[in-house]
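1. Any chance you can model this:
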Amino acid sequence: MTSMTTSEPVFFTHRQLSCEVAEVLSPKQDGLRVLGNTELLKKDGISFCGSRKASEKRLETARQCAIEAVNNGVDTISGNASGVDLNVHGATLENGGWSIFVLAEGINNFRIKRALADVWDWERCLVISQYDPDTRWQVWRAMERNKLIIALGIAMIVVEAGETGGTREAARQTIKAGKPLFAVEYKTPVPGNNAILQDGAKLLGRDKLTNKPNIAKVLRMIGNGSLEGHEDSPGIQQALPFAP
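-> Numbering: from 1, shown residues only. Here you go, the predicted structure:
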């Protein structure tokens, strides 16, 4: 992939953004500030959301999903919080993929997290903020920022959601935006995930043949990617619950 990596933040006006991305910005937000490889804005990516306090089992699911996204040639897109966000980005970079970090604060406040320092590569990362450079993080901004995460991706995957809170609201926003929404089902029920599935999300399970998250199914359902070698396999259709 061609690299257009910036060492200083670059500003993209509304006219330089896709209509879908520009439409989620508030009237006071005149564009995006980005840092890293701007070519990632042209690549397909899957958005992820989930709890900051997800269990280790659920974090491993997030990592498996990210690895399968890499294996299928798509970016991962998420916030910059601990928990699901951090594990999605970490697994992506560890396995040679590209990752987009969407901030709920100004880009001048961004720091590479210690857990990602050893795998960080500006050629494969893009940091994005819709806020003025020195804006501080606030809860309502994180909720607002989720609309941008949704707009940047070709689909959204919910790893773990509470019955209320930011992840549940992000799922509602995804449905409202008409963007494909997938949620993981676990052997031990997660009320938030189950509610999202009842709201209309599609089930993301494991591929019966590989026992890995069925990211190929996500791409097939939205018309991206290739199932070469799997077209005749019933395993690709299976949605099997993940471990607790």
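2. State which strand of the chain is the longest.
-> Secondary structure of the chain per DSSP state E: the longest strand is strand 5-13.
3. Flag every buried residue along the helix or strand just after that strand.
-> Using DSSP states H and E, the next helix or strand after strand 5-13 towards the C-terminus is helix 19-23. Using 16 or more other CB atoms under 10 Å as the test for burial, helix 19-23 gives 21-22. Quick note: C-beta positions are derived from backbone N, CA and C, even for glycine.
4. In PDB, list the C-alpha atoms belonging to the longest strand of the chain.
-> Only the C-alpha atoms of strand 5-13 are listed here, as PDB (Å, rounded to 0.1, in the frame of the first residue of the first chain):
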ATOM      1  CA  THR A   5       2.500   9.300   6.400                       C
ATOM      2  CA  THR A   6       2.500  12.600   8.300                       C
ATOM      3  CA  SER A   7       4.700  13.400  11.300                       C
ATOM      4  CA  GLU A   8       2.500  16.400  12.100                       C
ATOM      5  CA  PRO A   9      -1.300  16.600  12.200                       C
ATOM      6  CA  VAL A  10      -2.900  17.200   8.800                       C
ATOM      7  CA  PHE A  11      -6.300  18.900   8.500                       C
ATOM      8  CA  PHE A  12      -9.000  17.400   6.100                       C
ATOM      9  CA  THR A  13     -11.900  19.700   5.300                       C
END
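5. how far does it sit from the chain's center?
-> Taking CA atoms, centre = their mean, to the nearest Å, one finds the center of strand 5-13 at 21 Å from the center of the full chain.
6. Adjacent strands (with direction) for that strand?
-> Sheet partners assigned to strand 5-13 using DSSP bridges are listed as strand 31-37 (antiparallel).
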